[in-house]
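# give me a 3D structure for the following:
(chains A and B)
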There are 2 protein chains.
Amino acid sequence: MEKESIALWFQGLQDSICHDLEQADGKARFQEDQWQRKGGGGGKTRVIQNGNLLAKGGVNFSAVFGEASEQMLKMMKIETDKPIDFFATGVSIVLHPINPMMPIIHKNIRYFEMTNGMWWFGGGIDLTPHYIDKADAKWFHQQLKAVCDAHHSLFYTEYKKWADDYFFLKHRNETRGVGGIFFDYLNDKKGYSKEQIFDFVKSVGLSFAPIYTHFMEKNANLPYGESELAWQGVRRGRYVEFNLVWDRGTKFGLETDGRTESILMSLPPEANWLYSYEPTEGSKEAETQSLLKKEIDWLNIKID
Amino acid sequence: MEKESIALWFQGLQDSICHDLEQADGKARFQEDQWQRKGGGGGKTRVIQNGNLLAKGGVNFSAVFGEASEQMLKMMKIETDKPIDFFATGVSIVLHPINPMMPIIHKNIRYFEMTNGMWWFGGGIDLTPHYIDKADAKWFHQQLKAVCDAHHSLFYTEYKKWADDYFFLKHRNETRGVGGIFFDYLNDKKGYSKEQIFDFVKSVGLSFAPIYTHFMEKNANLPYGESELAWQGVRRGRYVEFNLVWDRGTKFGLETDGRTESILMSLPPEANWLYSYEPTEGSKEAETQSLLKKEIDWLNIKID
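Just a heads-up that it's a prediction; the model follows:
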């Protein structure tokens, strides 16, 4: 399993996802910026704005390599007295819809290797509905469970928990949304071959377009007004807080001189902050707020 | 110089600044939330929203104390084998005006002491015009130089440079605004007495209201339209990026379980992110962008 073939597959995935999203949106087209990294490699950032359904979103591919900087090694807690080269490739996606009744979604898959012999895959997919619909959340987790179960019976349980812990705003004591799956440092230490792990990562990658286009089709015509837009602004503010304060990928990118505009494509077109805002008791906003918790068993949640 | 008398003076400053700002705004009133910290102490958070001139702003006072947590000691790089108590008090302010032709402003003064004998003052004041007016920036720095010069001939030069370095968005390679002054860990190691340092800190605190109400009066009626509001949204986005990614005070607060709503009162009511936005060449937005640099000698800048 050569790193080049992983990067090539990732690049193909970017193409196919962009194609499916453009088709589902029906209006906007991705704008592509190709960029080069000084130390080696580069990427293709593709951003969609002002669509029929999508307000702003990015589907990024990158494959970068070169000598690992001191800062990079420090952030990865690797101690070494001789230079190490690294190679990193990945596809990352964030989509912000226009309609507040449609969820925000994020997906990332990545592969990393170093000339000291270390390698691993990582990734995840999580859903952030502005308004949590329990049936939608259940369906989302059912899809992820099916993806996981095809590879290992323990993956869903383990990676669902990891997502709960990862996509969490500690300073708000709330989850980003309804979670999903998250995994990192996945290598052959646990008895899976590199091929098996890559197959799993591919399945996660391929699950994205059908999952999100399902919501694009299903929720596109749900009605909304001023109060739903105001709540969307608040929820988008929390999305900004998570990405800039807690997301390790964003922090790593910004601190190691990554391409800022590619990293921050994840931010919404607009976000709001109101001091000490609390949804009215009994409102649908309050219901969503009450569901921003870890350890909800979405597969078995009672649908009202 | 007892810590209580410093805290008391800070609290009085909060009152007087809120009074002056309400008078200059002419409409909105500060809403006060008193809060207690579990481990000891508390604060008064005062927020103003939807004024004649101010869109959103906070003037916070706090005086907190208790046993320093492991995390706190680690963040301050203090190694100790026995428990240490700390005491921290401060006033911090951020104001976001409605009119994009009026600048955003920030001020903070603080005092910290620990039962191991360490103590220091810190603080700063910096201006973030959505549109940089060179004469306004010059006037602002003249005020700060006068405040500094009354205490020490080297303060302005040293703390102006510190502000350039501190209020800097590394991932954008741009300053937050036109800078100001910033200082930290100011104690008697350099030959000033505690009284002399506190006097300087008081002067910085007292300079705030006259400086900002000057801009409120002078710039209140400058005309603006859609394009100025769009640029304000972008500049506010950068303000969010600085506060959530780089500001040490914000990070410290969020990571040590501070009161989230008091810390994040610094965020604007609304912010925007457009992918790869660049102001049109030759525009006034492009001129502002070109001035977001360190080491500009604002006192001697050529006014066109």
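
# secondary structure class for the closest residue to A:Ser92 other than its chain neighbours?
Among residues not flanking A:Ser92 along the chain, A:Asn108 sits closest, at 4.1 Å (C-beta to C-beta, 6 or more residues apart in numbering or on different chains). Every C-beta, even on glycine, is put in place using the N, C-alpha and C of the backbone. Assigned by DSSP: H, G, I helix; E, B strand; the rest coil, the conformation of A:Asn108 is strand.

# what's the separation between A:Asn108 and A:Gly123?
6 Å (C-beta to C-beta, to the nearest Å).

# then A:Leu154?
In terms of C-beta to C-beta, A:Leu154 sits 16 Å off from A:Gly123.

# dump the residue contacts of whatever residue of the stretch 51-200 of chain A ends up closest to chain B.
Residue nearest to chain B within the stretch 51-200 of chain A: A:His171 (4.2 Å; C-beta to the nearest C-beta). By C-beta atoms under 8 Å, 6 or more residues apart in numbering or on different chains, the contact set of A:His171 is A:241, A:245, B:254-255, B:257-258, B:260, B:263.

# now do the contacts for A:Val178.
A:126-129, A:132, A:137, A:140-141, A:291, A:296, A:298 are the contacts of A:Val178 under C-beta under 8 Å, 6+ apart.

# what about the closest residue to A:Ala28 other than its chain neighbours, how many neighbours?
Take A:Ala28 and drop its neighbours on the chain: the residue closest to it by C-beta to C-beta, 6+ apart is A:Gly51, 3.1 Å away. A:Gly51: 22 surrounding residues under other C-beta atoms under 10 Å in any protein chain shown.

# which residues sit in contact with whichever residue of the stretch 1-150 of chain A sits closest to chain B?
Residue nearest to chain B within the stretch 1-150 of chain A: A:Val47 (4.5 Å; C-beta to the nearest C-beta). Residues near A:Val47 by C-beta under 8 Å, 6+ apart: A:30-31, A:33, A:56-58, A:265, B:275-276.

# now the residue of chain A positioned farthest from its centre: which helix or strand?
No residue in chain A sits farther from the centre than A:Asp81, which is 34.5 Å out by C-alpha atoms, centre = their mean. Using DSSP states H and E, no element contains A:Asp81; it sits outside every helix and strand.

# ramachandran coordinates for it?
For A:Asp81, the backbone dihedrals (degrees, to the nearest 10) come out as phi -110, psi 0.

# how about A:Trp120?
phi -160, psi 160.

# contacts only, for the closest residue to A:Met1 other than its chain neighbours.
Nearest residue to A:Met1 in three dimensions, chain neighbours excluded: A:Lys194, at 4.8 Å (C-beta to C-beta, 6+ apart). By C-beta under 8 Å, 6+ apart, the contact list for A:Lys194 reads A:1, A:119, A:187-188.

# pLDDT score assigned to the residue nearest to A:Ser92?
We have a pLDDT of 97 for A:Asn108.

# so what's it bridging to?
A:Ser92, A:Gly124 (DSSP bridges).

# residues near A:Tyr111, how many?
That count, for A:Tyr111 with other C-beta under 10 Å as the rule, works out to 25.

# doesn't it belong to a strand?
Yes - counting by three-state DSSP, A:Tyr111 is part of a strand.

# give me the nearest residue to it, chain neighbours excluded.
Closest to A:Tyr111 by C-beta to C-beta, 6+ apart is A:Ile6, at 4.9 Å.

# now do A:Arg238
A:Leu169 (6.4 Å).

# surely that neighbour meets A:Leu244?
No - taking contacts as C-beta atoms under 8 Å, A:Leu169 lies outside contact range of A:Leu244: 11.0 Å.

# which of these two has more neighbours?
A:Leu244 (21 against 18).

# quick one, phi psi at the closest residue in space to A:Leu291 that isn't next to it in sequence?
Of all residues not flanking A:Leu291 in the chain, A:Ile132 sits nearest, at 4.8 Å (C-beta to C-beta, 6+ apart). Torsion angles at A:Ile132 (phi, psi; degrees, to the nearest 10) stand at phi -80, psi 120.

# in chain A, what secondary structure element scores lowest on mean pLDDT?
helix A:70-75 (a mean of 84; mean pLDDT, DSSP states H and E).

# same question for it: list its buried residues.
For helix A:70-75, the neighbour count (16 or more other C-beta atoms under 10 Å in any protein chain shown) marks A:72-73 as buried.

# next up, the contacts around A:Arg29.
So A:Arg29 contacts A:22, A:48 (C-beta under 8 Å, 6+ apart).

# and it, what element?
Short version, using DSSP H and E: A:Arg29 is in no helix or strand.

# and the stretch 201-304 of chain A, which residues reach chain B?
Within the stretch 201-304 of chain A, the positions lying close to chain B (C-beta under 8 Å from any C-beta of the partner chain) are A:233, A:237, A:240-241, A:244-245, A:251, A:254-255, A:258, A:260-261, A:263-265, A:267-276.

# how far away is A:Val234 from chain B?
A:Val234 sits 11 Å away from chain B when distances are taken as C-beta to the nearest C-beta, to the nearest Å.

# got the residue ranges for the helices in chain A?
A:3-25, A:70-75, A:134-149, A:155-166, A:194-219, A:226-241, A:248-255, A:260-263, A:284-290 (DSSP state H).

# near chain B, which residues of the stretch 51-200 of chain A show up?
Counting by C-beta under 8 Å from any C-beta, the stretch 51-200 of chain A sits next to chain B at A:56, A:58, A:170-172.

# nearest to A:Phe215 among those residues?
Distance to A:Phe215, by C-beta to C-beta, is smallest for A:Lys56 among these, at 16.3 Å.

# run through the bridge partners of that closest one.
A:Gln49, A:His96.

# who has more neighbours out of A:Leu154 and A:Gly123?
A:Gly123 (22 against 11).

# average pLDDT for stretch A:21-32, rounded please.
Averaged across stretch A:21-32, the pLDDT comes to 97.

# give me the distance from that stretch to the chain's centre.
19 Å (C-alpha atoms, centre = their mean, to the nearest Å).

# on that earlier part again, which of the residues of the stretch 51-200 of chain A next to chain B are buried?
Buried among those (16+ other C-beta under 10 Å): A:56, A:58, A:171-172.

# redo those as JSON lines? Include pLDDT.
Formatted as JSON lines, these follow (pLDDT from 0 to 100):
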{"residue": "A:Lys56", "pLDDT": "97"}
{"residue": "A:Gly58", "pLDDT": "97"}
{"residue": "A:His171", "pLDDT": "96"}
{"residue": "A:Arg172", "pLDDT": "97"}
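
# distance to B:Ala286 added to the residues you listed, as TSV?
Output for those, formatted as TSV (distance: C-beta to C-beta, whole Å):
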residue	distance to B:Ala286
A:Lys56	23
A:Gly58	25
A:His171	36
A:Arg172	37
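
# just those residues: which are in strands?
Taking DSSP state E as the definition of strands, those contribute A:56, A:58.

# from the buried ones among the residues of the stretch 51-200 of chain A next to chain B, pick the one nearest A:Glu158.
A:Arg172 (25.1 Å).

# what stretches of chain A score poorly on pLDDT?
Regions of chain A meeting the criterion pLDDT under 70 are absent.

# count residues in the vicinity of the residue nearest to A:Ser262 when sequence neighbours are not counted, would you?
Closest residue to A:Ser262 apart from its sequence neighbours, by C-beta to C-beta, 6+ apart: A:Thr45 at 4.3 Å. Using other C-beta under 10 Å, A:Thr45 has 25 neighbouring residues.
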